[in-house]
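*Asks:* return a 3D structure for these sequence lines:
(one chain, ligands or ions: 1)
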Amino acid sequence: MQSPGSKKNPWEDHYTVKARKEHFPARSVFKLQEIQQKVNLIQKGNRVLDLGCSPGSWLMLAATLTGPAGSVVGIDLKPVTVGLPSHVRVFIADMLALPDEISEAIGSQFHVVISDMAPSTTGNKSVDAARSFDLCQAALTTAQNRLLPGGAFVCKIFQGEDSDAFIHRVKSLFNRHRIFKPQSSRKASREIYIIGLNKR
Ligand SMILES: C[S@@+](CC[C@H](N)C(=O)[O-])C[C@H]1O[C@@H](n2cnc3c(N)ncnc32)[C@H](O)[C@@H]1O
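*Replies:* Down below sits the predicted model:
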């Protein structure tokens, strides 16, 4: 029961409560979980690169899925403060201006690249979609350069006038693609996930 005078967070929903109960720092974990169930994305022993990884829910789930025989590398503008196992490394960096030394340290030969990067939203749909598109382009270029052949890619995009061009680019780099709106994604959100499988 709510304490008298306390205000309910309007964004709090079933997934927020479930994430807290399961000790994940963000409800977004359930989106990756749904993607995992749909396409069996991450396997034991995989090397995974997570772009826009803070506050760390996807890192936690990816680390469990790879197990200690695999590894997970995360990058974000912001730090990750949750406890993570030793096969996870996190770099604080801007994916739109990645310094050379971090770019080298991240490495390549990944089996999976996932991007949940999101710009700070302005409320203006076309500005937000254009910023999301820039992040998606950076994520896809990263996947192009750092994924193994046969590798997989997942990327969040805010739907806008450039989404079709982005989907087209994913299609040209991967043998199979899916467009997915997870149940756990808020209905009002314009986000969708583009999945590329079996990199050419
Ligand atoms: C929705 S959150 C990711 C949540 C994360 N998947 C999780 O489950 O904890 C989006 C993240 O993208 C990051 N981001 C936005 N622009 C970025 C950029 N240019 N470079 C790196 N990270 C960026 C933000 O700092 C933010 O932490």
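*Asks:* hey, let's count contacts and neighbours off CA atoms from now on
*Replies:* Fine.
*Asks:* show me the shaky parts of the chain.
*Replies:* 1-8 (pLDDT under 70).
*Asks:* show me where it has its helices.
*Replies:* Per DSSP state H, the chain carries helices over the ranges 14-21, 29-39, 57-66, 100-106, 125-146, 163-173.
*Asks:* what's the most buried one of the ones you listed?
*Replies:* Neighbour counts (mean count of other C-alpha atoms under 10 Å) averaged over each of the helices of the chain peak at helix 57-66, with a mean of 23.
*Asks:* and the chain, which residues reach the ligand?
*Replies:* Within the chain, the positions near the ligand by C-alpha under 6 Å from any ligand atom are 26, 28-29, 52-58, 75-78, 93-96, 116-119.
*Asks:* among those residues, which are in strands?
*Replies:* The strands, defined by DSSP state E, take in Ile75, Asp76 from the residues of the chain next to the ligand.
*Asks:* my read: Arg200 touches Asn175, true?
*Replies:* Yes: assessed by C-alpha atoms under 8 Å, Arg200 is found in contact with Asn175 at 6.1 Å.
*Asks:* the longest strand seen in the chain packs against which elements?
*Replies:* In the chain, assigned by DSSP E, the strand with the most residues is strand 147-158. Other helices and strands packing on strand 147-158, by 3 or more C-alpha pairs under 8 Å, 6 or more residues apart in numbering; DSSP states H and E, are strand 110-115, helix 125-146, strand 191-199.
*Asks:* now do it: distance to the chain's middle.
*Replies:* Strand 147-158 sits 10 Å away from the centroid of its parent chain (C-alpha atoms, centre = their mean, to the nearest Å).
*Asks:* with stretch 58-67 instead?
*Replies:* Counting by C-alpha atoms, centre = their mean, stretch 58-67 comes out at 12 Å from the chain centroid.
*Asks:* bridged to the closest residue to Ile195 other than its chain neighbours, which residues?
*Replies:* Nearest residue to Ile195, sequence neighbours excluded (C-alpha to C-alpha, 6 or more residues apart in numbering): Val154, at 4.5 Å. Here Val154 sits in beta bridges with Ile114, Ile195, going by DSSP bridges.
*Asks:* ok, now the one 4 residues further on?
*Replies:* Each beta-bridge partner of Phe158 is listed here: Glu191, as defined by DSSP bridges.
*Asks:* circling back to that earlier point, quick one, which of the residues of the chain next to the ligand are buried?
*Replies:* Those of these that meet the buried threshold are 26, 28-29, 52-58, 75-76, 93, 95, 116-119, by 16 or more other C-alpha atoms under 10 Å.
*Asks:* picking up where we left off before, Val48 is nearest to which of the helices of the chain?
*Replies:* helix 57-66 (7.4 Å; C-alpha to C-alpha).
*Asks:* not counting that closest one itself, show me its contacts.
*Replies:* Contact partners of helix 57-66, identified using C-alpha atoms under 8 Å, 6 or more residues apart in numbering, comprise 24-29, 32-33, 42-48, 50, 53, 70-72, 74, 84-85, 87-88.
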